[in-house]
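Asker: mind looking at a prediction? Sequence and model below.
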Amino acid sequence: MKSTLASLKTYPAIPIIAALAVAFSLFSPYFMTSGNIEAMLGANAVVLIAAIGMTFVFLIGGIDLSISTVISVSAVVAGIVMAQTNSVPLGLVTAVAVGMVFGAVNGILIGYFKLTPFITTMATQLIARGIAFVLSQGIAVKGTPFWVLDFGFMSWMGIPAVTMVGLVLVLVSVFALGKTTWGRQVMLVGSNPNSARYAGINVSFIEFSVYLVAGVLAGVAGFISIANLGNAIPGVGDTLLLIIIGAVVLGGTAMTGGEGSIERTVLGVMLLAILTNGLNLVGIPFYDQLIIQGILIFFGTWLAMKFSGQRAV
Amino acid sequence: MPDAIRRVFARQKWMAIAVATIVLAGILTAVSPVFLTLSNLQSILVQSSVTAIMAIGMTFIILTAGIDISVGAILFFTSALFAQLMIDTESYLIAFSAAMTCATGLGALNGVLVVKFRISPLITTLATYSIYRGAAIHLTGAQNIPVPREMGFLGNGKIFSIPVPILILIAVFVIGVYAFTRTRFGVYTRAIGNSARSATESNLPVNRVTIAVYAASGFVTGIAALILLARVGGLQSGIGIGIEFTVIAAVILGGTKLTGGSGTVTGSVIGAVFLVLIDNGLNLMNASPYIYDIVRGSVLLAAVAVDRISAVRQQKAVEAARAARIQGAAIPG
């Protein structure tokens, strides 16, 4: 009983996921089929990868509003590069590089120049969005190499390849956060930047590196979005911001820093994935889904806060 | 003496954006002969009226160290409700009063949630953004709805040859400045932003003021919604998408601090005009509309960078003065 309660504290999303899964399998016979689960996994790879980055940012008490449109801009630039050169590795490198540039800009401005994360990333969000639309002329970039399209459909034991990429990144991130000095420094900077500074941690560098990592992950997410959708879409990330932030806070990671984990975010992503998928199966129109999503994000966050005994999220 | 200094700085808060706006206007005058015409200046003010009015409300929220991401959704919901009620009841009275009540109510709901649940305003209003937007589309069944032609008066009409949106903006601005400088509401708002804890400990009605601030922002957003609806001529599905960031950008450009406690209503209005001037200039240069976002983002970054540099410089000056004083005290004369 005690361990159940403890795991509830750590993973407040689990009971909601269980309830939703049971409810949706009662309402729709398709919900628990392997085909549906595979589709659900594939459709949420982009959100999963981007949400890992957002988790790191939240853990140091920051926020990155630009993640959503950095996904778009890295997809567009990578799409153009691949259309010109037909080289997939070059496309992936481009996507990562674009994400890295935006992450570095955010990181330098926030970490070293101490600008407010909210405004800084709001500005880079606009810039990234603008560049994505200028370069693509506002339409999908054509000429994606066939291999990328195939990659979007590949799967192994019912798990899509794009999700595999996400899971590998999850494992790497869990390791980086739990088993490395860097990870421990991230947690300390988030829970108390002053004591971190007195402990001799280079707080500016940690902040810089976290935004850099978030940018890189957004770049990878952008590349994956091409595999998922078949083309680089300039507006692909625009609507994802709410889902990404929602997944992280629903998982139980606090915005105030120092409290949370990558594992929690995986559960948060699962929760929203199941919700969207289930509501679609049941036939709820998208606008009613927006309402339900909003209510769930609000009360889910509140519950997560109650369970883990945080004062504020 | 410190009071006098503070007053000078309070003025400087919007002086920066005012100077930037005048410089930009000067450049545009030099570049284009049509810029400095009465009709162009009027159209710039009309174009900025919607964001400027919303920015006045947002200023108070940000002064309490809060934020409201849902204002775009409130704008959309109010427009949807008004358009739908005009179709259903054909009564301006019902549609107007329902729309304004609803706008205020949705804002107040944000405030109540922020106060009662103690989740950060960002997450709270991100959630209500989704809820309000969904509810609005639910209400209209995702239809575009035209509004009656005489509604256009609110958007394009003139009284004594001054466009109506400008008159409304002036009215909201005057009330906003009055509330900010001359009422307890304004003082409490800043007190909460400076330190919610000391405000609570001084027995200020923190919860009530916070709810009122969000409600007031909802109310002015309702006004903005009706102006926008009148100017556009009907409800369109894209109304209000992304406008929250433009509004917040206007407030930040105006010199209001996201950390709360410091800012001005005047600065926010000038900030909104400044953003429209940028659009105007890009338009004169025949730039792609997609470039607007890049320029806006860069301007915002430049503004916060300049602000940061001057803050660092100020801090250094204060520290140097203190060091000098300590040194002076250490050597007794």
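Answerer: Looks like it arrived, so ask away. Every value quoted in this text rests on a predicted model; they were computed, and no experiment measured them.

Asker: going by C-alpha atoms from here, please, whenever you check contacts or count neighbours.
Answerer: OK.

Asker: helix or strand next in line after the lowest-mean-pLDDT helix or strand in chain B, which one?
Answerer: Least confident helix or strand of chain B, by mean pLDDT, DSSP states H and E, is helix B:2-31 with a mean of 75. Sequence-wise, the next helix or strand downstream of helix B:2-31 (DSSP states H and E) is helix B:38-63.

Asker: list of residues touching stretch B:103-116?
Answerer: B:74-75, B:77-78, B:119-121, B:124-125, B:128, B:207, B:210-219, B:221-222 (C-alpha atoms under 8 Å, 6 or more residues apart in numbering or on different chains).

Asker: filter the residues you listed down to the ones close to chain A.
Answerer: Among these, the residues within reach of chain A (C-alpha under 8 Å from any C-alpha of the partner chain) are B:Ile119, B:Ser120, B:Thr124, B:Thr128.

Asker: give me the phi and psi for B:Asn203.
Answerer: phi 60, psi 30 (degrees, to the nearest 10).

Asker: re the thing from before, so which of the ones next to chain A among the contacts of stretch B:103-116 is surrounded by the most neighbours?
Answerer: Tallying neighbours with other C-alpha atoms under 10 Å in any protein chain shown puts B:Thr128 at the head of those, with 30 neighbours.

Asker: and the pLDDT at it?
Answerer: With respect to pLDDT, B:Thr128 scores 94.

Asker: that one in helix, strand or coil?
Answerer: Under DSSP: H, G, I helix; E, B strand; the rest coil, B:Thr128 falls in the helix class.

Asker: residues touching it, list them.
Answerer: A:Gly294, A:Ile295, B:Ser70, B:Asn110.

Asker: same list, the residues you listed, but as CSV with distance to A:Ile17 please.
Answerer: Output for the contacts of B:Thr128, formatted as CSV (distance: C-alpha to C-alpha, whole Å):
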residue, distance to A:Ile17
A:Gly294, 16
A:Ile295, 15
B:Ser70, 27
B:Asn110, 27
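
Asker: so where do the helices sit in the stretch 101-250 of chain A?
Answerer: Using DSSP state H, counting those that start in this stretch, the helices of the stretch 101-250 of chain A run over residues A:117-136, A:146-153, A:161-179, A:181-191, A:193-198, A:203-229, A:240-251.

Asker: list the buried residues for the third one?
Answerer: Read it as helix A:161-179. By neighbour count on 16 or more other C-alpha atoms under 10 Å in any protein chain shown, the buried set for helix A:161-179 is A:Ala161, A:Val162, A:Thr163, A:Met164, A:Val165, A:Gly166, A:Leu167, A:Leu169, A:Val170, A:Ser173, A:Val174, A:Leu177.

Asker: cool, the second one as well?
Answerer: Applying a neighbour-count criterion of 16+ other C-alpha under 10 Å, the buried positions in helix A:146-153 are A:Val148, A:Leu149, A:Phe151, A:Gly152.

Asker: show me how far that helix is from its chain's centre.
Answerer: 22 Å (C-alpha atoms, centre = their mean, to the nearest Å).

Asker: can you check the last one too?
Answerer: Relative to its chain's centre, helix A:240-251 lies at 8 Å (C-alpha atoms, centre = their mean).
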